[in-house]
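Novice: everything below, folded, please.
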Amino acid sequence: MNVKNMPYELFRPIIELSIADEWHDAAMEWELETIEYRKEGGYCICGHFIKEHIQIKNMINGNRAIVGNCCINKFPQYSGDVYDLVSCFRALRNNKINAALIKFAFNENIINSWECDFLMDTWRKRNFTEKQQAVGDRIKKKIFKACHYNDL
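Specialist: Okay, here's the model as predicted:
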């Protein structure tokens, strides 16, 4: 079969890795664990080639899976504005910090509230003091390391 014509399937493999037998119930068993941008790419559990890897973990049985940005939106708990993962990955790709990545890092306990407030106050700033630059770089490095993005 031609790769371009292959159907991508998310529901069946997620249900197989879940306790529940129906999509909605099975999907609710999963939580976001980490995000990672990989230049070389990889594959979503649906079979789709991806560079933006989202590791999810089943809260009941501990199973893990990798999904991409499109598939994570099929999970009801991530289809809204909980995380703007598209903007998070855009920031990672561009080696920058943005509001979405700061919120993600805070919600995932990568950074503390002081670090979050500092970044939210300064991420759009153009001119930094030497101390602000050093603190910002340290926090940025912490976030990028947690997201397994090492092209700093």
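
Novice: quick check: which element contains the residue nearest the centre of the chain?
Specialist: Centre of the chain computed as the mean C-alpha position; nearest residue by C-alpha atoms, centre = their mean is Ile35, 3.1 Å away. In this structure, Ile35 sits in strand 30-43 according to DSSP states H and E.

Novice: sorry, back to before: got the contact list for the residue nearest to the centre of the chain?
Specialist: 52-55, 85, 88-89, 92, 104, 147 (C-beta atoms under 8 Å, 6 or more residues apart in numbering). Yep, even glycine has a C-beta here, placed from its N, CA and C like the rest.

Novice: report the beta-bridge partners for it.
Specialist: Here Ile35 sits in beta bridges with Ile54, as judged by DSSP bridges.

Novice: look up how far Phe144 lies from it.
Specialist: Ile35 sits 11 Å away from Phe144, going by C-beta to C-beta, to the nearest Å.

Novice: tabulate the CA atom coordinates of the strand holding Ile35 in PDB.
Specialist: Taking Å, rounded to 0.1, in the frame of the first residue of the first chain, the C-alpha atoms of strand 30-43 are listed here in PDB:
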ATOM      1  CA  TRP A  30      -5.000   9.400  29.500                       C
ATOM      2  CA  GLU A  31      -3.100  12.400  30.700                       C
ATOM      3  CA  LEU A  32      -0.400  14.500  29.000                       C
ATOM      4  CA  GLU A  33       3.100  13.600  30.400                       C
ATOM      5  CA  THR A  34       5.700  15.400  28.300                       C
ATOM      6  CA  ILE A  35       6.100  17.200  25.000                       C
ATOM      7  CA  GLU A  36       9.100  16.900  22.800                       C
ATOM      8  CA  TYR A  37      10.200  18.400  19.500                       C
ATOM      9  CA  ARG A  38      12.400  16.000  17.500                       C
ATOM     10  CA  LYS A  39      14.000  17.300  14.300                       C
ATOM     11  CA  GLU A  40      14.500  13.800  13.000                       C
ATOM     12  CA  GLY A  41      10.800  12.900  13.600                       C
ATOM     13  CA  GLY A  42       9.100   9.700  14.600                       C
ATOM     14  CA  TYR A  43       5.600   8.300  14.500                       C
END
